[in-house]
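Participant: Here you go, sequence then predicted model.
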Amino acid sequence: MRSGFLKLAASNPSVLADRAAFGVIDKVRMVYPQRAGSPPVVAIDEASFSFRDGEFVSLLGPSGCGKTTLLRIVAGLVDKTAGSVQVGGHEVTGPRRDFGFVFQSLNLLPWRSVLKNVLLPMEISGRCDHAAVRRAEELLDLVGLSGFGKSRPHQLSGGMQQRVALCRALIHKPDLLLMDEPFGALDELTRMEMHDLLLKIRAETKTSVIFVTHSISEAVYLSDQVVIFSKRPARIVEHLDVPLPYPRDVHVRYTPEFTQLERQASEALGVFK
Ligand SMILES: Nc1ncnc2c1ncn2[C@@H]1O[C@H](COP(=O)(O)OP(=O)(O)OP(=O)(O)O)[C@@H](O)[C@H]1O
Ligand SMILES: [Mg+2]
């Protein structure tokens with residue numbers, strides 16, 4: 001458990017710097033300003049956590065607690081009110097090329113083919129060469145969509161579209177993949193398939209992942225570390241290390257260790273009040 005470490009880190013920021021961290025989120029606070037008669041909203045009170053290169057971190061908390069806000073701050077898409085975010089030794093001051101994103105609304109372009117959707121980030125950055133097309137095809141193959149490159153998004157199921165969005169996020173080999181409840185709209189079985197696919201991709205690409213979810217079992221199944229938030233304004237109430245070895249498969253979901261971790265997360269969320 002990291003709670004002790006983080007308490008120490010809060011009083012001595014150099015502790016965060018000493019640790020072999022790839023990402024350091026330090027005392028981030030977010031207040032949305034007053035608007036049209038409504039008072040300012042404190043979305044994040046003060047949030048600190050860190051992660052190593054290649055680590056899988058989930059942000060788990062109730063609806064409206066500020067998870068998306070924090071993810072967008074880490075992504076450099078929203079200006080924070082206070083605190084700092086460093087990834088790969090550099091302060092995040094805006095969207096970065098070394099990040100990939102998958103949001104709940106996939107934003108696939110309906111008039112473009114699957115392959116061209118995957119290639120979009122490369123086109124935007126002027127790097128859409130033969131190597132990029134080959135990589136897009138390899139990624140589609142990896143997620144079981146070879147043969148669908150010429151299809152349009154509407155010809156695919158929700159789970160298949162989700163896999164296209166994942167390929168698009170990975171096409172430029174990001175060092176950090178940021179995912180906001182990406183599987184929320186999928187049925188249970190498809191969702192479990194996507195979990196295994198994501199773990200496989202993560203093992204192959206070695207990318208770090210920050211994954212927002214309100215599902216306790218999803219967070220435990222996927223993560224090295226689960227950062228658990230209270231209700232709004234979001235405070236971190238627990239840092240849960242998940243010592244279950246990778247590769248993980250469906251069997252781990254039915255072990256006493258898994259159940260115990262789910263219980264710990266539930267307790268932190270206040271389920272047993
Ligand atoms: N652009 C904005 N302007 C003002 N308030 C906002 C804005 N975006 C979010 N909020 C408020 O900040 C709080 C946190 O919102 P956020 O979307 O980060 O929560 P969340 O944990 O992602 O919720 P959910 O699980 O429902 O997606 C909410 O009270 C929300 O109303
Ligand atoms: Mg959200």
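Facilitator: Received the coordinates, thanks. Residues are numbered from 1 along each chain as shown. Ligands and ions are numbered 1, 2, ... in the order given.
Participant: buried residues in the one helix or strand Leu199 maps to?
Facilitator: Element membership for Leu199 (DSSP states H and E) is helix 188-205. For helix 188-205, burial by neighbour count (16 or more other Cβ atoms under 10 Å) applies to 190-195, 197-199, 201-202, 205. (Glycine included, C-beta is placed from N, CA and C.)
Participant: Please apply the same query to stretch 182-189.
Facilitator: For stretch 182-189, a neighbour-count test (16+ other Cβ under 10 Å) marks 182-183, 186 as buried.
Participant: Can you show me the helices along the stretch 151-273 of the chain?
Facilitator: 158-170, 188-205, 216-222, 256-268 (DSSP state H, counting those that start in this stretch).
Participant: As TSV, those helices with distance to Arg235 and mean pLDDT would be great.
Facilitator: Below are these laid out as TSV (distance: least, Cβ to Cβ, whole Å; pLDDT from 0 to 100):
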stretch	distance to Arg235	mean pLDDT
helix 158-170	29	92
helix 188-205	28	92
helix 216-222	17	97
helix 256-268	11	97
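Participant: Looking at those helices, spot the one closest to ligand 1.
Facilitator: Among the helices of the stretch 151-273 of the chain, helix 216-222 comes nearest to ligand 1, with 12.8 Å by Cβ to the nearest ligand atom.
Participant: quick revisit: which one of the helices of the stretch 151-273 of the chain lies closest to Ala131?
Facilitator: Among the helices of the stretch 151-273 of the chain, the nearest to Ala131 by Cβ to Cβ is helix 158-170 (14.5 Å).
Participant: returning to what we had before: and of the buried residues of stretch 182-189, the nearest to Thr93?
Facilitator: Distance to Thr93, by Cβ to Cβ, is smallest for Pro182 among the buried residues of stretch 182-189, at 25.4 Å.
Participant: so who does that closest one touch?
Facilitator: Neighbouring residues of Pro182 by Cβ atoms under 8 Å, 6 or more residues apart in numbering: 102-104, 162, 165-166, 194, 211.
Participant: if I look at the residue minimising distance to the centre of the chain, how far off is Asp129?
Facilitator: The centre of the chain sits closest to Phe211, judged by Cα atoms, centre = their mean, with a distance of 2.3 Å. Using Cβ to Cβ, to the nearest Å, we find Phe211 at a distance of 31 Å from Asp129.
Participant: Now do the SS call for Ile25.
Facilitator: Secondary structure assignment for Ile25 (DSSP: H, G, I helix; E, B strand; the rest coil): strand.
Participant: same deal with Arg134?
Facilitator: Applying three-state DSSP: Arg134 is helix.
Participant: In a markdown table: the helices of the stretch 151-273 of the chain, plus distance to ligand 1.
Facilitator: What follows is the helices of the stretch 151-273 of the chain, written out as a markdown table (distance: least, Cβ to the nearest ligand atom, whole Å):
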| stretch | distance to ligand 1 |
| --- | --- |
| helix 158-170 | 17 |
| helix 188-205 | 16 |
| helix 216-222 | 13 |
| helix 256-268 | 15 |
